[in-house]
Structure formats: C-alpha cells, structure tokens
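Engineer: what follows is a predicted structure for the sequence shown.
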Amino acid sequence: MNITDNGRTDGCNTLTKNTDVVVYDAVEVTVSDQSAQFCLGVPATELTATYTGGDGSYTYEWISISGTDTTHNISATASFTPSTTTAGTLVYAVIVKNACGNDTANVATIQVNDTVSLNATNLIQTICLGTAINAVPIEYSGATLSVSTLPAGLTMTNHGDGRDTIYGTPVASQPETTYTITALNENCGNKSITFKLSIGDAFTVNEADSMCAGGVYEYHGLHLTTDGTYSQTYPSMYGCDSIYTITLTIKPVVTVSIEMIPDCEMSQYIIVATTDGDTYEWSSSVDDGQIDAQRTNDTIRVSPTETTTYTFSADRAATHFCTVSETITVNELMVPNARIETHDMSLSPDFTHWTAENASDNGVVSHEWYVNGEFYHEQGQNINGDIDPATNDSYISLMLVAFSQYCSDTAFAQIPIVIEPIYVPNIFTPAAKTNNLFGVEGSGIMDYELWVYSREGLLVFHSTSLDEKWDGTHQGKGTACKQEAYTYKIHYRIAGQDSPRQKFGTVTLIR
C-alpha cells in the first residue's frame, strides 16, 4: 500500500493507499451425461464435473437430491459413479468451490430403467378359416410394445399396466406365418417373442347329379344306389373339415324284351321288341342294310344271310341318357325242302318189300317218318318194310316231316299195291287133254318175257308172247323134257306204269 501527502496544511492531507487485487473469472461447472439412461443392475458410467474459472483450487461435493432423500457427501471427487440398484429417476448435484470460498453447482438427472420383461401365451396356433383364434395375452414391463402387421381380422388391444391382447377371427387362409412381438427399450435393449399362426381352408362343396336306376354312383368313397342327399367329410392338414355334399336323383330305366318269330313262308324273321320307353332304335352287327328303314319301329323283318346280332335300344326320352339295350343273335333262316324217294316202286302179293329214302335238303336237322298215318317205329334216314300179301289196300301212304332249326316241311308219297295181273300155274301135264300147256294168263301186260330152266340150269323154253306157251318139249323141237320141277322167270310191265316187274317160281311137269 502506498500513502501519498498531497501538501495540504490544513491537516487534511489525502492518504492514498494502493493495493493490488487479483480478480478471477467466476467458477463454472458442467456435468457429463446430465440426462443419462441406465438399466437396473447394470453398472453405470461415471458422471464427471468439469469446471472453468476460479483460482484452480477446487473442492467438490456430490449430493443426492432425488425424491425426499437428500444425501450429502456422496463423493468429494470430480467423478462419481451413480448406483443402479434401484429403478427410478435419480437427481444428483455437484457443488464446486474455489479457494475464495466461491462455489457453483450443477445437476445431473439420470434414469435407471427396469430390466425389460415380455411374456405371452398361445403363441403357436393352427385354426380353420372362419374360426376365432385363442386370445394371445401379452404382459411386458420396462419397455413399449410393438407387433408386426397382423392378418386381417386380428386386433391388438392395450389394457394398460403392461398388458395387451391379440384376438379376432382371420378372414383369409394362410400357411404358417410368424409375427414378431417386441418390447422396445432403446437403453436397456429390446426383447422379442414370436407368434406363429396357420389358417387352413375349410371347403363346402354342394353338387347335384343323377344316374340310371340299377347302377352304383361312386362319390368320394360312397357307393350310392338310391335317391337322397349324401355328405362326405375330409379333414385337411390343418384339421379343418371339408364337406362335400351331393343330391342324387335316380332316373328310372325302361324295360326291354325281344321276341323272335320265324316266318318260314317268307323266309324271314319277325323280331318284336316290347318296351315302355318313348324312344328306341335298332342296330345290327352286320351291316346288311336290312333295318335302316325300320330303325325306329318296334317290329322288324329281317333275312340275314349270315349270323347276325340285332340290338334294340330304348330310353325314356332322347335326353334321358338311361338307354337299355337287348340283343338277339340269329343265323340264316333255313326253310327245309322235304322229299321222299321211292324210285317208282309198286308192290304186289308177290313183291311185298318196300323202301323209302329221305331226300330232303336245305338245313334239315331232324325228321319224322309216318306210315299209313302212324309214327313209324324206324326213324332212320331210309326206312323199309313189308306188306301183308293178303292185303286189300291199294297203296302204302308215306309222310316225311323235315325240320330245320325253326321251320318244317312235309312230303307225302304212296307206293301202290297191285293185285297180281298175271296167273302162272304151278303144274301141268303135257300128255293130258287139259292143262297140257304151261304159260301166263293176264291182261294189260306189256313187255312180256318168259324163261324156263331145268334143274341143271338149261334154258328149255323162252317166249315173249302171252299166247305162246310151253308144251313140255325142249325148245319146242319135239324132244320131251323129263318129269321134274322147272324154274321160271317172268319179266313184264303193267300198262300205265314205268317200272318193270318180275316174277320167279317153279312149275312141275308131270308125265
């Protein structure tokens, strides 16, 4: 300090004292991370006080001023690590003093957050379309909740106090799809869980159909034979039932029968179909052009030349589609030609044996013989017999019935019985006055010829005239033949008949 006299004499000299004063800048302090976020139980980072101004000699004091709890002397250093054992908002103040006793303060507010928690149930679900999901309750803390976009029909509702719920009924099917539920905390980290949802289709198919009576309708494993509505259920891979339903109508079918009538006179078959149908037609397996004009008639006439199958098809209506068919197979219609062959035979008391031959043709498969109106005891291809020499009948009546598969024909024949027109004696006496010549008597005899033979087979007489008779001599030359039996042979023909006759016998010459 300096004192200066200003020269005054009145005793009021001015005293001046000079003093050196050092003025420091005011102290200012800042705190690092004044709004720090920490997680519960996770060590916090240091809070550091930084000063400016003053004389460089500082003291520090950290105090807690959060809530109602004020704690001094937490730390007397520039840096301080707050505790994270309790969640909440913590406010700390730092007071910085210099050597002059000046001080300043600043505040750091930190947030100790709870650890993030996230829980939910019903997180894997498979449902059928049209069915509500099981509600998904979500509980979380220490975070905000975020959910990826849910399918249409699902909603998430917040109930407060860390509780949300996902619920609803989806409107479209989908394969298994994953949705993420996240609890967000930018300081303490996020936590996520997944919700997996599969939505299966459930089909409902309604159909209608018809079939003809007598058939079996196969429908998704069902074997249907009667009218009605039937359903079959199929579970899908998601357990969803797909229901197939059919209403089945049984259409009645017509009745069809075929009758074949041979018309042997016309060499045709008449084929008659009987049906209660409304439409019908014929067809054949051999295209011989016979039924085209008769195709829609119920009766046809046919003359097949080979084995042919005819089919008659009938239905209720042209669009009913329940056609019923019947077939009949026929061969060429064979009409037999019955014929008896007797070779112009005629009978007599001396010629009693007869024969008849079956000369029928054209598809004959069997026959029947009748003799004089009676079924003959022999039924061979050819038959024969003998007449009674004493008969007075004029003929034998023959009838032959020849049969083919469907037709028959009858032939008639007669074998005439001629009472012998000639008389031949069996004895004569050449030396007598009567009965002394041997010859034939008769009328209507044509082509006559007589031979007489000895026992030795020598011809002793021959004549071609009824008027010429044997007198018992050899060749009519006067040499008498001895007494014995001689054999004769006579050939002749009866006037009006073509077939020749012959007669054999013996005559005894007596001397």
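Structural biologist: Sure thing, it's come through.
Engineer: okay, now the closest residue in space to Gln232 that isn't next to it in sequence: neighbour count?
Structural biologist: If the residues on either side of it in the chain are set aside, Gln232 comes closest to His220, at 4.1 Å by CB to CB, 6 or more residues apart in numbering. Just so you know, the C-beta spots here come from the backbone N, C-alpha and C atoms, and that holds for glycine as well. By the other CB atoms under 10 Å criterion, the neighbourhood of His220 contains 13 residues.
Engineer: and His220, its phi and psi?
Structural biologist: Main-chain torsions, His220, degrees, to the nearest 10: phi 50, psi 50.
Engineer: just to check, it is in contact with Ser231?
Structural biologist: No - judged on CB atoms under 8 Å, His220 makes no contact with Ser231 at a distance of 9.1 Å.
Engineer: what touches both of the two?
Structural biologist: Tyr244 (CB atoms under 8 Å, 6 or more residues apart in numbering).
Engineer: if we can go back for a sec, how about the residue nearest to Gln232, what does it touch?
Structural biologist: 232, 234, 244.
Engineer: closest to Leu184 out of those residues?
Structural biologist: Checking the contacts of His220 against Leu184 with CB to CB, the nearest one is Tyr234 at 44.7 Å.
Engineer: Gly153 versus the closest residue to Asp201 other than its chain neighbours, what's the distance?
Structural biologist: The shortest distance from Asp201 to any non-neighbouring residue, by CB to CB, 6+ apart, is to Ser173 (4.5 Å). To Gly153, Ser173 is 11 Å away according to CB to CB, to the nearest Å.
Engineer: just the mean pLDDT for stretch 279-299, thanks.
Structural biologist: Stretch 279-299 carries an average pLDDT of 80.
Engineer: quick check: end-to-end length of that stretch?
Structural biologist: 14 Å (CA to CA, to the nearest Å).
Engineer: check stretch 29-38 too.
Structural biologist: So stretch 29-38: terminal residues 23 Å apart, CA to CA.
Engineer: give me the contacts around that stretch.
Structural biologist: Contacts for stretch 29-38 (CB under 8 Å, 6+ apart): 44-52, 82, 84, 92, 94, 96, 104-113, 186-188.
Engineer: of these, just the buried ones, PyMOL syntax please.
Structural biologist: Remark: buried members of the contacts of stretch 29-38, expressed as a PyMOL selection using 16 or more other CB atoms under 10 Å:
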select buried, resi 44+47+48+49+51+82+84+92+94+96+104+106+108+110+112+113+188
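Engineer: which members of the contacts of stretch 29-38 are positioned in helices?
Structural biologist: The members of the contacts of stretch 29-38 all map outside helices under DSSP state H.
Engineer: OK, contacts around Asn113?
Structural biologist: Counted by CB under 8 Å, 6+ apart, Asn113 has contacts 37-40, 87, 142, 185, 187-188.
Engineer: that one bridge partners, please.
Structural biologist: Cys39 (DSSP bridges).
Engineer: distance of it from Ile138?
Structural biologist: Taking CB to CB, one finds Asn113 at 19 Å from Ile138.
Engineer: and what of Ile383?
Structural biologist: According to CB to CB, Ile383 and Ile138 sit 117 Å apart.
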